[in-house]
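**Q** Just a sequence and a predicted model for now, questions to come.
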Amino acid sequence: MVSEVSQEVTPRGKRELTQAEERTEAGKFFSPYTDIHETDRAVVVTMEVPGVDKNAIDIQLEKDVLTIKASIDSSKYESLRPIYSEYNVGNFVRTFAVSMKIDGSGISATVADGVLTVELPKAKEAMARRIAVS
Amino acid sequence: MVIRVKDQFETLLGLQRAMESVMGSDWFGGRTSGSGAFPLINVFNDGDDFVVVAELPGVKKEDLDIQVRGDTLRIRGRKTVAHAEGVSVHRRERAAGEFDRTVTLPDDIDSAKVAAEYRDGVLTLRLPRAESAKPRTVAIN
């Protein structure tokens, strides 16, 4: 395992999505910070979705386009009166074009401490084959 | 384990940014030592209690250290992002590192009654005002 340790975490604002098209749902949408890596067998997407319950995550793969949507429950803020604010809260959405064949039935996802990990196994025909030279 | 340390310029720039953001905010009246630093916080009033909320995705509960003393709150910890070896990386946006933020609140806190909850990467702290800081209603005879 390789861990990257910088001296301090740099505070970064959340990236709010600009309204490219009209949405049917109300509320703000943010683009979650995401890591993507690829192993021999799968493509693994890891994204930060703080405040999202595991039942509020929607993952769809349609025609090589992966859409991940995570909704937050803002009802806990309703009784509170804000007095100082540094960030805004809202739902998360992000779309990726998946360039290789994915075995759609084998997609698995886990969420822990606000980090969602989606594993997209490659389809048999997309796996690299090592060819022995005789 | 391979540990990489980011360059010196980043450290200096981070310090300058932190100093600038302290000056930019007036809610804490210039008393805070960490406005705008990681983690970003939202502060709410709920009756006599302060509620401080911070998003800390990827931070483990055990890696969080919260201290309260007088009117000062300290949130300290470490955010780790583990990458498996021998994989090809397509995108790397998540930040990792240590953080230590001290926030001065406008009133003294009853440190014995502070409640902390960490769920789905969101830290919620309920900080009741100390009895001495609460306004007293004066009855008129």
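**A** Alright, I've got the coordinates. Numbering: from 1, shown residues only, chains lettered A, B, ... in the order given.
**Q** what's the residue in chain B that chain A sits nearest to in contact with, if anything?
**A** Closest to chain A within chain B is B:Gly121: 1.7 Å, counting by Cβ to the nearest Cβ. (Each C-beta comes from the backbone N, C-alpha and C, glycine too.) By Cβ atoms under 8 Å, 6 or more residues apart in numbering or on different chains, the residues touching B:Gly121 are A:48-51, A:113-115, B:55-59.
**Q** Relative to B:Leu15, how far out is it?
**A** 27 Å (Cβ to Cβ, to the nearest Å).
**Q** my guess is A:Leu120 is in a helix, correct?
**A** No. According to DSSP: H, G, I helix; E, B strand; the rest coil, the state of A:Leu120 is strand, so it is not within a helix.
**Q** How many neighbouring residues does it have?
**A** Counted by other Cβ atoms under 10 Å in any protein chain shown, the residues lying close to A:Leu120 total 25.
**Q** where do the strands sit along chain B?
**A** B:3-4, B:41-46, B:49-55, B:64-69, B:72-79, B:82-83, B:88-92, B:97-104, B:115-119, B:122-128 (DSSP state E).
**Q** let me fix that: chain A
**A** Under DSSP E, chain A gives strands at A:2-4, A:15-16, A:29-31, A:34-38, A:42-48, A:52-62, A:65-72, A:81-85, A:91-97, A:108-112, A:115-121.
**Q** hey, which of those strands is tucked in deepest?
**A** strand A:42-48 (a mean of 23; mean count of other Cβ atoms under 10 Å in any protein chain shown).
**Q** Next, the contact list for the closest residue to A:Thr39 other than its chain neighbours, please.
**A** Spatial nearest neighbour of A:Thr39, chain neighbours left out: B:Val87 (5.0 Å); criterion: Cβ to Cβ, 6 or more residues apart in numbering or on different chains. Going by Cβ under 8 Å, 6+ apart, B:Val87 touches A:37-39, A:44.
**Q** ok, those residues vs B:Phe9, which is closest?
**A** A:His37 (27.3 Å; Cβ to Cβ).
**Q** still on that earlier bit, can I get the contacts of B:Gly121 in JSON lines with pLDDT?
**A** Output for these, formatted as JSON lines (pLDDT from 0 to 100):
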{"residue": "A:Glu48", "pLDDT": "95"}
{"residue": "A:Val49", "pLDDT": "95"}
{"residue": "A:Pro50", "pLDDT": "94"}
{"residue": "A:Gly51", "pLDDT": "93"}
{"residue": "A:Asp113", "pLDDT": "93"}
{"residue": "A:Gly114", "pLDDT": "93"}
{"residue": "A:Val115", "pLDDT": "95"}
{"residue": "B:Glu55", "pLDDT": "93"}
{"residue": "B:Leu56", "pLDDT": "93"}
{"residue": "B:Pro57", "pLDDT": "93"}
{"residue": "B:Gly58", "pLDDT": "91"}
{"residue": "B:Val59", "pLDDT": "93"}
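**Q** Filter the residues you listed down to the ones in helices?
**A** Per DSSP state H, helices hold no members of these.
**Q** now, among those residues, which is nearest to B:Gly70?
**A** For these, the nearest to B:Gly70 is B:Leu56 (23.9 Å; Cβ to Cβ).
**Q** Report pLDDT for the residue nearest the centre of chain A.
**A** Nearest to the mean C-alpha position of chain A, counting by Cα atoms, centre = their mean, stands A:Met47 at 3.9 Å. pLDDT, A:Met47: 95.
**Q** Can you tell me how far it is from B:Leu64?
**A** As for A:Met47, its distance to B:Leu64 is 21 Å (criterion: Cβ to Cβ).
**Q** Kindly reformat the contacts of B:Val87 as TSV containing distance to A:Ser75.
**A** Listed next are those as TSV, based on distance: Cβ to Cβ, whole Å:
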residue	distance to A:Ser75
A:His37	35
A:Glu38	38
A:Thr39	39
A:Val44	32
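**Q** Let's have those in JSON lines, adding pLDDT.
**A** Below are the contacts of B:Val87 laid out as JSON lines (pLDDT from 0 to 100):
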{"residue": "A:His37", "pLDDT": "91"}
{"residue": "A:Glu38", "pLDDT": "90"}
{"residue": "A:Thr39", "pLDDT": "88"}
{"residue": "A:Val44", "pLDDT": "93"}
